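>>> With the input below, show me the fold.
(4 chains)
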Protein chains: 2
Amino acid sequence: MSYTDASSAPSLPQSPCVPDPRGSVLRSLFSGRSCHYRHKEHLFLEGDSCAGVFLITSGRVIVYTVTLNGQRQVQSFAGPGDLLGLNFSGLHTTSAEALGDVTADMMPRCVFDRVLQTSDGFRKAIFERIDQMMEAARNQNTLLGCKGALEKTATFLMDLDARFSNGGPSYVPIPMSRSDIADFLGLTLETVSRMLSRLKSQNVIDLPKANCFRILDRRGLYRIAGVEVERIRKCPL
Amino acid sequence: MSYTDASSAPSLPQSPCVPDPRGSVLRSLFSGRSCHYRHKEHLFLEGDSCAGVFLITSGRVIVYTVTLNGQRQVQSFAGPGDLLGLNFSGLHTTSAEALGDVTADMMPRCVFDRVLQTSDGFRKAIFERIDQMMEAARNQNTLLGCKGALEKTATFLMDLDARFSNGGPSYVPIPMSRSDIADFLGLTLETVSRMLSRLKSQNVIDLPKANCFRILDRRGLYRIAGVEVERIRKCPL
DNA sequence: CGTTCAGTTGATACACGTCAATAGTGGTGG
DNA sequence: CCACCACTATTGACGTGTATCAACTGAACG
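Presented below is the predicted three-dimensional model:
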């Protein structure tokens, strides 16, 4: 009923080295009320009525669903430029929680629907975003269905770097906990920790603290992640 | 870039006992050229340029992607009323292959775009379908990330029944191979076979032949699948 | 009546989960 | 500034679910 989820935050989906700043077009067309959230505050909960669509302007958001037996599946990690709560039924089908301070623009449903109807550019931008979200969901399915623990972890770091590094040699923050990562990758937090340690001991990444890292051997990481060689070509190192 | 995938065929996503005949509204608004495909014939391949959008009118289609190392992830099984190839970038990001005879209406991209712009009803129907697709992708993520082999298999049968049974006591066909099911559920074909045998020996399902089944103990199956009790209430038996 | 291919079933291996102990890390108060 | 606490991450030992490898069975077809 919504694609609030999996993909609102294309969950680090784009190929690395893509120049397009995420949501630039969309942001210029998106008119909403600015909202602020603190660490662990929810933007919305599964089952809430859906007041409007959120465009994240800063910070990170974790998007998840919970199963009957209390297991949590993290659908995506959203960042600046990502859409949340984009659904056409009335209720949110995921929960969204701030990881640290977050600001977002909230566009009421009625406004959203109207602009969608009247603005070709807006509609085009939304559909493009939906494409990205579906692509991200597909990739996540493949990751969960086909990949092993090390492969999953490497893919996660790769996407995190592609999405949130400034391109320079600086360290990339890891704003989510091991448990969050585990629930995203379909692993346990212990396994995530072990795989990170393994990548570190193999000198593929540098991990000076638990919450930030840097890629040391890009080709190595990409190979472990099972990514196409073409992508490696396009990237530095 | 497209949601040709995971969800074009909400992959048996809807809750059972929902009266709405899938795609009824959409079908009346959808004007396309009728196409026919035989068993194992492809509607399109990953990387093909995307000529238009397909609305399946009869038969079943398997939608999948292939990873670098040759593994296949089945994104969905599509049936009558499902949309395929709905993407706004130019290229298909999944492959779609007929399981037995298939008929579909193909609406060229340019027509699709125009109608989307001019018809409010069509746009609404498409967005509703996108909602369903995203929901299906989310559910699939949860299934792949959180569930065990027996749970996955039970969920699959449940969805298959909800989507393709006529509601009566007759047997539901299983048009895809064990290997197809395995690639959909992130298992091996051997494990799928074992889980089916288990459900059969527990008298939860009847499986007289490999390619059709019937639910004997609906509540039992739903409990194994990890589905909410409310849903069980709504259903016979 | 073979041949072929999909499915089933069995034996074994291994990846990852589980349980448990240890080590960091950040915050608060003396 | 150090001591203490709470919490998260790491590491280790062990168990188990599912993959892997392999043999067997059954159905479709010539």
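
>>> Strands of chain A, residue ranges please.
Using DSSP state E, the strands of chain A run over A:33-37, A:42-44, A:52-66, A:72-78, A:83-84, A:95-108, A:172-173, A:205-209, A:212-215.

>>> DNA strand D: which of those is closest?
strand A:205-209 (6.2 Å; CB to the nearest atom of the strand). Just so you know, the C-beta spots here come from the backbone N, C-alpha and C atoms, and that holds for glycine as well.

>>> on that earlier part again, take the strands of chain A and write them to TSV, including mean neighbour count.
As requested, the strands of chain A are arranged in TSV below (neighbours: other CB atoms under 10 Å in any protein chain shown):
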stretch	mean neighbour count
strand A:33-37	14
strand A:42-44	19
strand A:52-66	22
strand A:72-78	27
strand A:83-84	28
strand A:95-108	20
strand A:172-173	16
strand A:205-209	15
strand A:212-215	18
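
>>> Quick one: closest of those strands to B:Glu97.
strand A:72-78 (27.6 Å; CB to CB).

>>> A:Leu189 is in contact with A:Leu196, isn't it?
No - contact between A:Leu189 and A:Leu196 fails when scored by CB atoms under 8 Å: they sit 10.6 Å apart.

>>> before we move on, back to that, save the strands of chain A as a markdown table, and put in distance to B:Ile62 and mean pLDDT too.
Formatted as a markdown table, the strands of chain A follow (distance: least, CB to CB, whole Å; pLDDT from 0 to 100):
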| stretch | distance to B:Ile62 | mean pLDDT |
| --- | --- | --- |
| strand A:33-37 | 42 | 95 |
| strand A:42-44 | 35 | 97 |
| strand A:52-66 | 26 | 96 |
| strand A:72-78 | 24 | 98 |
| strand A:83-84 | 30 | 96 |
| strand A:95-108 | 32 | 96 |
| strand A:172-173 | 38 | 96 |
| strand A:205-209 | 37 | 96 |
| strand A:212-215 | 37 | 96 |
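
>>> how about those strands in a markdown table, adding distance to DNA strand C?
Formatted as a markdown table, those follow (distance: least, CB to the nearest atom of the strand, whole Å):
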| stretch | distance to DNA strand C |
| --- | --- |
| strand A:33-37 | 18 |
| strand A:42-44 | 21 |
| strand A:52-66 | 16 |
| strand A:72-78 | 13 |
| strand A:83-84 | 27 |
| strand A:95-108 | 12 |
| strand A:172-173 | 12 |
| strand A:205-209 | 5 |
| strand A:212-215 | 10 |
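
>>> mind putting those in TSV, distance to chain B included?
TSV is the format used below for these (distance: least, CB to the nearest CB, whole Å):
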stretch	distance to chain B
strand A:33-37	22
strand A:42-44	15
strand A:52-66	6
strand A:72-78	4
strand A:83-84	12
strand A:95-108	12
strand A:172-173	24
strand A:205-209	21
strand A:212-215	19
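
>>> Among A:Leu189 and A:Leu196, which residue is more densely surrounded?
Per other CB atoms under 10 Å in any protein chain shown, whichever of A:Leu189 and A:Leu196 has more neighbours is A:Leu196, with 22 against 14.

>>> so that one touches A:Lys152, yeah?
No - between A:Leu196 and A:Lys152 there is no contact, the gap being 11.4 Å when judged by CB under 8 Å.

>>> Which helix in chain A has the most residues?
helix A:120-146 (DSSP state H).

>>> That helix near chain B anywhere?
Yes - using CB under 8 Å from any CB of the partner chain, helix A:120-146 comes into contact with chain B via A:120, A:123-124, A:127-128, A:130-135, A:137-138, A:140-142, A:144-146.

>>> Just the buried ones among the residues you listed, please.
Buried members of the residues of helix A:120-146 next to chain B, counted by 16 or more other CB atoms under 10 Å in any protein chain shown: A:123, A:127-128, A:130-135, A:137-138, A:140-142, A:144-146.
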